[in-house]
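Engineer: whatever this is, show me its structure:
(one chain, ligands or ions: 1)
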Amino acid sequence: MSEILQTPQKKKVLSCIQPSGMLTLGNYLGALKNWCTMQEEFDCTFAVADLHAITVRQDPTKLRAQIYSTYALLLALGLDPQKNTIFIQSHVPEHACLSWLLSCNTQFGEMSRMTQFKDKSAKHANNVNVGLFSYPVLMAADILLYKPDLVPVGADQKQHLEIARDIAIRFNNLYGDVFTVPDAYIPKTGARVMSLQDPTKKMSKSDENLNSWVAILDSKDDIIRKFKRAVTDSNANVHFCEEQAGISNLITIYSAVTGKSVAEIEKEFSGKGYGEFKIAVGESVADTLAPIKAAYDEIIKDKKALEVLYKQGAEKAEYVARKTYFKAMKKVGFVL
Ligand code: TYM
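Structural biologist: Numbers count the residues shown, from 1 in each chain. Modelled structure (predicted):
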């Protein structure tokens, strides 16, 4: 009898990023860097989460430019559109459609506990819209449509991942097996990159203090300048500990970028001042990001080529999304 050799199926990965402004070093170290390594091993789907962006007010012209720019940046990172599915969320209507089915199976109380909603509604007090409130349900739909095993994200998305898991489990229990219950994949180093000006706050592109965050597309000079100005303490001791939040954040960034351990870094800079360390961090970050910026500058020039790729991406994504969506519709009792 001939032996049947079966190649084991690759595990599936899904993640998305919002096109709201410039992407930061936090986005890179917390999520995008992992996307790049994961594409070698897993069956990956990545999206520009444009529907999520309008939970806060956007200028239409700027939003359009940012969607293009974010898609181009994903390619510039080295994500291969042939090997992976890379698309724009709003091009696959099943995301919004499934979100409705899931909304009707999610409790008001659960959503009220989301810390990001509390933070964002305080920040945008004049526009606390229903979309901002139910945003995690749309995120659950983004995930569950593609039945991923793993979702690579930074630590700030952990609560949203947990609610997506809860929604999947509840739906499966009520209607039968439709969704895979995914695990979050959060990096050991770089899961929470902090502001360079206030290390108690997450590094965020929406921070008005432009010295507090580094954009992936910043110039080398700007990057080094921002690190030189980073807030530290007066201890002048390159040592990782809770009391030295500023310097610890820089050590984390240096470790994530160079692959060196905290102990190695402390040894390397023992007896040296903060000034020398800050320049080393700035240079290593700038050297890591420089090839991405160079690739981006080329890719963004050719909008036609981008259009071909994002349309192909949407077709591949929709093929998968539609199957899951129709299965969910059927289980709930809709006539197909
Ligand atoms: P977004 O667009 O805010 O951020 C994209 C990714 O970057 C990570 N990140 C960080 N990691 C470390 N340190 C930081 N300072 C930092 N800032 C951002 C985020 O954790 C995220 O992984 N809701 C999501 C987008 C989304 C999504 C999804 C993600 C929509 N649908 C489905 C996963 C699966 C968001 O707003 O990420």
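
Engineer: okay, CA-based contacts and neighbour counts for the rest of this
Structural biologist: Fine.

Engineer: other residues contacting stretch 85-97?
Structural biologist: 44-51, 67, 71, 138, 141-142, 145, 310-314, 316-318, 321-322, 325 (CA atoms under 8 Å, 6 or more residues apart in numbering).

Engineer: could I get the CA-only coordinates of the least confident helix or strand in the chain by mean pLDDT as CSV?
Structural biologist: Lowest mean confidence among the helices and strands of the chain (mean pLDDT, DSSP states H and E): helix 115-123, at a mean of 88. The C-alpha trace of helix 115-123 is given here as CSV (Å, rounded to 0.1, in the frame of the first residue of the first chain):
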residue,chain,number,x,y,z
THR,A,115,-10.6,50.7,28.7
GLN,A,116,-9.8,52.1,25.3
PHE,A,117,-13.4,53.3,24.9
LYS,A,118,-13.2,55.1,28.3
ASP,A,119,-9.8,56.7,27.3
LYS,A,120,-11.0,57.7,23.8
SER,A,121,-14.4,59.0,24.8
ALA,A,122,-12.6,61.3,27.4
LYS,A,123,-10.3,62.5,24.7
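
Engineer: for the lengthiest helix in the chain, packing partners?
Structural biologist: If you go by DSSP state H, the chain has its longest helix at helix 303-332. Packing contacts for helix 303-332, counted by 3 or more CA pairs under 8 Å, 6 or more residues apart in numbering; DSSP states H and E, involve helix 60-76, strand 85-88, helix 94-103.

Engineer: how about it and the ligand, touching?
Structural biologist: No. Using CA under 6 Å from any ligand atom, helix 303-332 stays clear of the ligand, coming no nearer than 13.5 Å.

Engineer: for stretch 144-156, same thing?
Structural biologist: Yes. Against the ligand, stretch 144-156 shows contacts by CA under 6 Å from any ligand atom at 153, 154, 155, 156.

Engineer: what does the stretch 151-300 of the chain have sitting close to the ligand?
Structural biologist: 153-157, 190-194, 202-204.

Engineer: secondary structure for those - can I get that in a markdown table?
Structural biologist: What follows is those, written out as a markdown table (DSSP: H, G, I helix; E, B strand; the rest coil):
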| residue | secondary structure |
| --- | --- |
| 153 | coil |
| 154 | coil |
| 155 | helix |
| 156 | helix |
| 157 | helix |
| 190 | coil |
| 191 | coil |
| 192 | coil |
| 193 | coil |
| 194 | strand |
| 202 | strand |
| 203 | coil |
| 204 | coil |
